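*Asks:* what follows is a predicted structure for the sequence shown.
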Amino acid sequence: MTLQRNLTEQMVAAGFALERRRYSPHITLGREVVTEATPWKIAPFSEMISHMDLMQSERVQGKLTYTPIFTKAAT
């Protein structure tokens, strides 16, 4: 959250207009991807989470919309 907050402050100071929606940390693995490449491993990280959602992103009436298709609570 500190990284996001610092980045937001710097972007605003540089004159960028930011979205007003709530920030939701996520990792986009791919969007509109067509490939035959082999999968890769994601390096471990040490952030604590309460749950992980697998989201489907699609354009609905021209707007990128995210819909959870699977949720797993942290153990």
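*Replies:* Everything's here; your move.
*Asks:* how many other residues sit next to the nearest residue in space to His51 that is not next to it in sequence?
*Replies:* In this structure, His51 finds its nearest non-sequential neighbour in Ala73, 4.9 Å apart by C-beta to C-beta, 6 or more residues apart in numbering. (Glycine included, C-beta is placed from N, CA and C.) Ala73 has 8 neighbours, counted by other C-beta atoms under 10 Å.
*Asks:* quick one, grab the pLDDT at Ile69.
*Replies:* Note for Ile69: predicted pLDDT of 90.
*Asks:* same deal with the one 5 residues further on?
*Replies:* Reported pLDDT at Ala74 in the predicted model: 85.
*Asks:* and it, what does it touch?
*Replies:* By C-beta atoms under 8 Å, 6 or more residues apart in numbering, the contact set of Ala74 is 48-52.
*Asks:* which one of those is nearest Glu36?
*Replies:* For the contacts of Ala74, the residue nearest Glu36 by C-beta to C-beta is Met52; the value is 27.1 Å.
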